[in-house]
Every structure is written in structure tokens, then in C-alpha cells.
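[1] Predicted model follows, preceded by the sequence.
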Amino acid sequence: MVDLCFIIDSSGSIRDNNPANGPDNWQLQLQFLSDLVGAFTVGQDATRVGAIVFSERVLLEFPLNAFDTRSEVQRALVSIAYLGQTTNTPEAFIQTRQQCFNPSNGDRPEVQNLAIIVTDGLPFPASRRSPAIDEARILRDTGVTIIPIGITDNIDADFLRDISSPPQIEGMNFFTATDFAALQQITRTVVEGTCEVLLPGTWKCVHFGVALLCVYVVPVSVFTLRYINERCKIFILTMHVANQLQIVFVCW
């Protein structure tokens, strides 16, 4: 269970860089987010999903309490209108904190807050870079976990690292894709990267062909099966160690 806010870059460079005779980058980005939602059980008593869209303007596209099902969220995501202006990343973080993670808009104080920001470059103009890093820190200080996803060669790994939550390691809590078409290739990796947020404790995942073998060690008092992706087959092995529960399960 998590309160998830997508922070969606809708700046002009996204469609400016559409490949000739190729797919629309904006629609590829929205479809990627829709696919990510497919990994969550969505509902008012499960994962809630909201969306902030930013260019020069920043809009709360829909709040956390807007939809009750996964399919409703997915339809809303792929229908978001394109803005096509500059890149006001600092204000995007401010509005995420003030609007998306707001109790009046469905934020639950007892539930972990997760923000996934998808962007194809740096804040623009360049003077917005430092304010964006500062606003990301302020958002993290409220207890929000930030996972950035940078797309194309225009991104700066140092910037993604600076706005991400600890431990700030690429492939764990910030990610990159070479272009918008490559987003589909990292969907599974990004979902795995949310495990640490969704399951409090320590974890390790290893690929075996199409299967994913995961070992999690979590305090018994906070473990609930609803946190595990519904694609997982649970309880191959359980073991109590020092009041902790070790669980091995397979996902595919």
C-alpha cells in the first residue's frame, strides 16, 4: 500500500524530439506510466495514485482520491493533454508537496508517500537547477520517497541522483532510458526499485530466466501480504530469525 504521485514532464522538448515517422514521445511516456500502474493494486484502501503535470505551468491533473480502480487511473493517464512549454521542475516539486500529498486530496498520513518523476532533461532555464534540487530535498524531508526516471541523452545523472532519495544509486532509486521507446524495457526494473518502499525491511532480487527470485527480511509486526505484487507466488520458504520473518517468493 502506498500513496503514489506521478510527476510528469510535459515540456516542449518531448515532442520536439519525436523521431521522424516514429511514435509520439508523449504517448510513449504516458503508456509507460500506465504500465507501471499495472504493478499496483489500486483502490481507496490499497494504493492511491495522483498525477502532477509540469511544463512552465504546473497542474494537479488528478488527486490521490480521484479513482478507485487501476483501469480508471490508466485511462486518466493516457488521456493527459500535452503542455509543450519550458521545464519548471522546482514548481513541480512544490505543487507535489502542497497539492498531491495533501490530506484534503486523499493523502493518508499513515501510508508511505512515493513520487516518481519522469523527465527528458534538466530544468529550463538552467537557473532552475539548484532550486529544483532544494525543492526535492524539502519534499523528501516531509517523508516522501522520490524515484526519478531520466529519458534521452539530454539527462544529467548527477541531477537525477541529487533529486532522488537515498541511497541515490542508479538502477535502484533512479533510472535512465536512452529514448522514449526504451521506457518499456525498464518497466520491470523500475517496479523492482519500488520494492524497498512497498516492503519495509531489506531485500534482494535475482533473475532466473523469466522468473524473479526475491528474499525479503521484514519485521513481523509491519509485514502484510497486500504489499507483495499480485504476480508473485508466495511462501516457498519462511523462517523466523530474531523476531524477523524471512520470505522467499517468485514473481513473473
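    Yep, it's here. Because the structure is a prediction, the values reported are computed rather than measured.

[2] So what does the most centrally placed residue in the chain have for phi and psi?
    Of all residues in the chain, the one closest to the mean position by C-alpha atoms, centre = their mean is Ile116, 2.9 Å from it. Backbone torsions for Ile116, taken as degrees, to the nearest 10, come to phi -110, psi 110.

[3] pLDDT score for it?
    Looking at Ile116, its pLDDT reads 96.

[4] Tell me who's in contact with it.
    Residues near Ile116 by C-beta atoms under 8 Å, 6 or more residues apart in numbering: Leu4, Cys5, Phe6, Ile7, Leu33, Leu36, Ile146, Ile147, Pro148, Ile149, Val190. All C-beta atoms are positioned from the backbone trio N, CA, C, and that covers glycine.

[5] What are the buried residues along the strand or helix carrying the second one?
    So the one you mean is Cys5. Per DSSP states H and E: Cys5 is located in strand 3-9. Of the residues in strand 3-9, Asp3, Leu4, Cys5, Phe6, Ile7, Ile8, Asp9 count as buried by neighbour count, 16 or more other C-beta atoms under 10 Å.

[6] Then stretch 169-181?
    Met172, Asn173, Phe174, Phe175, Thr176, Ala177, Phe180.

[7] try stretch 111-127
    112-124.

[8] will you turn those residues into a markdown table that also has secondary structure and distance to Glu61?
    Shown next, in a markdown table, are the buried residues of stretch 111-127 (DSSP: H, G, I helix; E, B strand; the rest coil; distance: C-beta to C-beta, whole Å):
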| residue | secondary structure | distance to Glu61 |
| --- | --- | --- |
| Gln112 | coil | 21 |
| Asn113 | strand | 17 |
| Leu114 | strand | 17 |
| Ala115 | strand | 14 |
| Ile116 | strand | 14 |
| Ile117 | strand | 14 |
| Val118 | strand | 13 |
| Thr119 | strand | 16 |
| Asp120 | coil | 18 |
| Gly121 | coil | 21 |
| Leu122 | coil | 22 |
| Pro123 | coil | 20 |
| Phe124 | strand | 21 |
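
[9] From Ile117, how far out is the closest residue to Phe6 other than its chain neighbours?
    Distances taken as C-beta to C-beta, 6 or more residues apart in numbering place Ala51 nearest to Phe6, at 4.7 Å, with adjacent residues excluded. Per C-beta to C-beta, to the nearest Å, Ala51 is found 11 Å from Ile117.

[10] Tell me who's in contact with Gln27.
    Counting by C-beta under 8 Å, 6+ apart, Gln27 has contacts Val78.

[11] separation between it and Val191?
    From Gln27 to Val191 the distance is 21 Å (C-beta to C-beta).

[12] quick one: Thr142 and Phe101 touch, right?
    Yes. Contact criterion C-beta atoms under 8 Å: Thr142 and Phe101 qualify, at 7.1 Å.

[13] residues shared between the contacts of those two?
    Asn113.

[14] Now the residue nearest to Val78 when sequence neighbours are not counted: which helix or strand?
    Spatially, and ignoring its direct neighbours in sequence, Val78 is nearest to Leu30 (4.8 Å; C-beta to C-beta, 6+ apart). Assigned by DSSP H and E, Leu30 belongs to helix 25-37.

[15] buried sites along that helix?
    Here helix 25-37 shows Asn25, Trp26, Leu28, Gln29, Leu30, Gln31, Phe32, Leu33, Ser34, Asp35, Leu36, Val37 as buried, counting by 16+ other C-beta under 10 Å.
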